[in-house]
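after the sequence you'll find the predicted model.
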Amino acid sequence: MAEEQKLTFTQMDLLREIGTIGSATAATALADMVASKVEICVPQVSLVPLENLSTILSNAEKLYFVLDMEIKGDIGGRIFLLLSPDDAKFLASTLLGKPKEELDFKDDMFRSSLQEVCNILGGAYVSALADMTSFTILTSIPSLAMDMVGAILDFIFIQIAQTSEEALFIKTDLQVKGLSMEGLFLLFPTSDSLQRIFHVLGVK
């Protein structure tokens, strides 16, 4: 596991609370969309130095779908959601009501369904943060690509290295219709934004 930044117990507790509230909100929204029980738990929340992300995303040749959203408003940053191709197909087939075998990665409906999942998950965490801080926080329309881990890491570094020194890493276990999936949810508040969050909430 990557070495974590040194945060106080209270700061880490706050980050876990954001993850827990965001997960509960996202689970409810997804359940409404798929008309089935959805469970999302957050077994791990940590703040990881950017240079150590490669230890989280191991196996440089493994393929992932990566969805990317920009955070704007009173705080800035980016959100990345990573899904394996199998999990992405299962989610899309559930949302679209089609067998996985009929889905094509290049199909617009398939891609739109994954973008909607990212909207729900990213929006849930951002809403939890906005409710706690009273900040106005907006997100962009998610972009979608499929690539190997090594290329994804290069893309992440290009996008956020100038404004963030660490990533808020939220490892989520998502269960839809009894099938467990593992997703990687990376929230990159800018360094200034993270300090603003701690300051407005009186966390030291």
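Yep, that arrived.

and the helix or strand harbouring F110, what does it pack against?
Taking DSSP states H and E as the definition, F110 sits inside helix 108-133. Helix 108-133 makes packing contacts with helix 9-34, strand 63-73, strand 77-83, helix 85-96, strand 137-139, strand 143-148, strand 179-189, helix 191-200 when contacts are defined by 3 or more C-beta pairs under 8 Å, 6 or more residues apart in numbering; DSSP states H and E. No exception for glycine: its C-beta is placed from N, CA and C like everyone else's.

hang on, V42 in a strand?
Yes. The assignment for V42 is a strand, going by DSSP: H, G, I helix; E, B strand; the rest coil.

where does the residue lying closest to it once chain neighbours are set aside land on pLDDT?
Counting by C-beta to C-beta, 6 or more residues apart in numbering, the nearest residue to V42 once its immediate chain neighbours are dropped is G19, at 4.3 Å. Confidence at G19, expressed as pLDDT, is 81.

for the chain, give me the ranges with low pLDDT.
1-6, 43, 58 (pLDDT under 70).

and the residue lying closest to A130 once chain neighbours are set aside, what does it touch?
Counting by C-beta to C-beta, 6+ apart, A130 lies nearest to I137, which is 4.6 Å off, once chain neighbours are set aside. If a contact means C-beta atoms under 8 Å, 6 or more residues apart in numbering, then I137 has I71, K72, G73, D74, I75, V126, L129, A130 as its contacts.

from the residues you listed, which two are the most distant?
K72 and L129 (13.1 Å; C-beta to C-beta).
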